[in-house]
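Asks: missing the sequence, but the structure's below:
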């Protein structure tokens, strides 16, 4: 089985080497003549203001939390999906289906909860939402 | 020979990244160094023949938990103050605790009689995990859904308060 992982591993190593070679080559070959305007990040022609390290909106965090929970749900569903066809062939179609549906239903309750409580809305009306304290 | 070199390379990646995570003064660098630690552990799962755990490690830990961690770091007040953001505090108690715990673990490693298994055939594991989820482990499978539901609602309720404040 290791041989199956050899190709992706080789791709990763070649990719890293290729990237390092390109970066190293341009360090060696390119003329360096930096000045302030050249080093400025291109922001649609506008001069950028402030630091790029800003505080993100907290909404991202709530969405990411919900995302992680449902990602774990997928991780549980996936192995069951691989054997599902064999369980149908063994004539245990309704058992497998109902187990999956119970599993999905319980987490669907969670989805309904965050949906109804409006935690999934991108812009939520809360007082002074731009300050993160 | 190949797997041995790969193992040491992956272990080095994981340990160096974990050290950067722990010792970096800049909390953003710590969060990004966590990627190397998690990826190294994922690679070691491959060498153990745990292909499902490998993909889950990448899928959940790198794709999910790491993103949440980086979001949390990005939400931190004053991340630009690199000198104070990740200062080491309580060095002496930490050294004592880590020394004692490490000593106990090292003692256990040296003095245990390890069971040496032959290298397995390393067949795909996902099928048998799925079979177990519908067979003997059907109740834990359903309970896991409840645990996830509790985690979802708990996390949302706690962080929603943070958002409101």
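Replies: Here it is on my side, so go on. What you see is a predicted model, and the numbers here were worked out from it, not measured in a lab.
Asks: for chain A, which spans come out with low pLDDT?
Replies: A:1-2, A:52-57, A:123-133 (pLDDT under 70).
Asks: Would you enumerate the residues in contact with the most centrally placed residue in chain B?
Replies: A centroid search over chain B (CA atoms, centre = their mean) returns residue B:38, at 5.6 Å, as the residue closest to the centre. Contact partners of residue B:38, counting by CB atoms under 8 Å, 6 or more residues apart in numbering or on different chains, are B:57, B:61-62, B:65-66. In this view, the C-beta of every residue, glycine as well, is placed from N, C-alpha and C.
Asks: Distance to residue B:154 for the residues you listed - can I get that in a markdown table?
Replies: Below are these laid out as a markdown table (distance: CB to CB, whole Å):
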| residue | distance to residue B:154 |
| --- | --- |
| B:57 | 24 |
| B:61 | 20 |
| B:62 | 24 |
| B:65 | 16 |
| B:66 | 21 |
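Asks: and those near chain A, which?
Replies: residue B:65 (CB under 8 Å from any CB of the partner chain).
Asks: List just the nearest of the contacts of residue B:38 to residue A:45.
Replies: residue B:66 (34.0 Å; CB to CB).
Asks: I'd like to know how many residues surround that closest one.
Replies: When neighbours are counted by other CB atoms under 10 Å in any protein chain shown, residue B:66 registers 18.
Asks: In chain A, which helix is the longest?
Replies: Longest helix in chain A, counting residues (DSSP state H): helix A:59-89.
Asks: what packs against that helix?
Replies: Helix A:59-89 is packed against helix A:93-116, helix B:66-74, helix B:126-134, helix B:138-164, with contacts defined by 3 or more CB pairs under 8 Å, 6 or more residues apart in numbering or on different chains; DSSP states H and E.
Asks: 10 Å - rerun?
Replies: With contacts defined as 3 or more CB pairs under 10 Å, 6 or more residues apart in numbering or on different chains; DSSP states H and E, helix A:59-89 has these neighbours: helix A:93-116, helix B:51-56, helix B:66-74, helix B:126-134, helix B:138-164.
Asks: what helix or strand is the residue nearest to the centre of chain B on?
Replies: helix B:27-47 (DSSP states H and E).
Asks: what about that helix, distance to the chain center?
Replies: 8 Å (CA atoms, centre = their mean, to the nearest Å).
Asks: residues touching the residue in chain A that chain B sits nearest to, list them.
Replies: As assessed by CB to the nearest CB, chain B sits closest to residue A:79 within chain A, at 3.3 Å. Contacts for residue A:79 were tallied using CB atoms under 10 Å, 6 or more residues apart in numbering or on different chains; they are B:52, B:56, B:125-134, B:141.
Asks: picking that back up, angle of the helix holding residue B:38 against helix B:66-74?
Replies: 170 degrees (axes from the mean of the first three to the mean of the last three CA atoms, to 10 degrees).
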